[in-house]
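K.L.:
what shape does this take:
(chains A and B)
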Amino acid sequence: AQRVTQPEKLLSVFKGAPVELKCNYSYSGSPELFWYVQYSRQRLQLLLRHISRESIKGFTADLNKGETSFHLKKPFAQEEDSAMYYCATGGGNKLTFGTGTQLKVEL
Amino acid sequence: DVKVTQSSRYLVKRTGEKVFLECVQDMDHENMFWYRQDPGLGLRLIYFSYDVKMKEKGDIPEGYSVSREKKERFSLILESASTNQTSMYLCASRGTVIFPYEQYFGPGTRLTVT
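P.N.:
Numbering: from 1, shown residues only, chains lettered A, B, ... in the order given. Here you go, the predicted model:
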């Protein structure tokens, strides 16, 4: 069964500090991995996907198959990064989401 | 731009009432999903549908049913609402041609059962 673990419910950092949101997954086969973000009073939206190897809003995430991790990183946090972040893994038609990490960027 | 809309942003119902949550997407997507979102539990899949009149149970289907009579519309039904079904309900859709597995979400319906 697919499983996604996000160990931190809340991560608080100061503006300009580096950010790392942790995600570990279990999946048999070749997983598709995603980070979704939900800003206050907005709908859940895709932030990035591992297959694209892209950087969105300064965020990157590298798939580490050995550690089964897909941590989300940003070198310098901005106030507008404050949001709920969900890691998700997919196979077939379904996505399995983690429990989410609330990122709070303090001034 | 994909549009997924949900019939209500906020809904208050009494215990035992039958509740319908409606979701409509305008991108001709084959797949549609219903999740509930609870603090500390993340998003949990209730049901999904991969075609008209087709449905599959997700991880927490108990107490819920669904209906998909038209491709663009996916309804979640609470046959007899209970207080433990108070939650945020999210609908999502996904196509099968572009960007595999990316799901597009609606704004959510916050349901309170009293």
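
K.L.:
is the worst-scoring helix or strand of chain A on mean pLDDT in proximity to chain B?
P.N.:
When the helices and strands of chain A are scored by mean pLDDT, DSSP states H and E, strand A:94-97 comes last with a mean of 88. Yes. Residues of strand A:94-97 are located near chain B by CB under 8 Å from any CB of the partner chain, namely A:Lys94, A:Leu95, A:Thr96, A:Phe97. Heads up, the C-betas are built off the backbone N, CA and C, glycines and all.

K.L.:
for the helix or strand that that strand is followed by, name the packing helices and strands.
P.N.:
Using DSSP states H and E, the helix or strand that follows strand A:94-97 towards the C-terminus is strand A:101-106. Contact analysis of strand A:101-106 by 3 or more CB pairs under 8 Å, 6 or more residues apart in numbering or on different chains; DSSP states H and E lists strand A:10-14, strand A:19-21, strand A:83-91 as its packing neighbours.

K.L.:
again, only using 10 Å
P.N.:
Judged by 3 or more CB pairs under 10 Å, 6 or more residues apart in numbering or on different chains; DSSP states H and E, strand A:101-106 is in contact with strand A:10-14, strand A:19-21, strand A:72-74, strand A:83-91.

K.L.:
low-confidence stretches in chain B?
P.N.:
B:1-2, B:97-101 (pLDDT under 70).

K.L.:
for it, which residues are neighbours of chain A?
P.N.:
Within chain B, the positions lying close to chain A (CB under 10 Å from any CB of the partner chain) are B:4, B:6, B:30-31, B:33, B:35, B:37-45, B:48-50, B:56, B:58-59, B:90, B:92, B:94, B:96, B:99-108.

K.L.:
could you redo the last one with a cut-off of 8 Å?
P.N.:
Residues of chain B lying near chain A (CB under 8 Å from any CB): B:31, B:33, B:35, B:40-45, B:48, B:50, B:56, B:58, B:90, B:94, B:99-103, B:105-108.

K.L.:
what subset of those is buried?
P.N.:
B:31, B:33, B:35, B:42-45, B:48, B:50, B:58, B:90, B:94, B:101-103, B:105-108 (16 or more other CB atoms under 10 Å in any protein chain shown).

K.L.:
what's the offset of the helix or strand that A:Thr60 is a member of from the middle of its chain?
P.N.:
Assigned by DSSP H and E, A:Thr60 belongs to strand A:60-61. Relative to the centre of its chain, strand A:60-61 is centred 8 Å away, using CA atoms, centre = their mean, to the nearest Å.

K.L.:
show me what it packs onto, helices and strands only.
P.N.:
strand A:72-74.

K.L.:
same for the strand it packs on, what does it pack against?
P.N.:
Packed next to strand A:72-74, using 3+ CB pairs under 8 Å, 6+ apart, are strand A:19-21, strand A:60-61.
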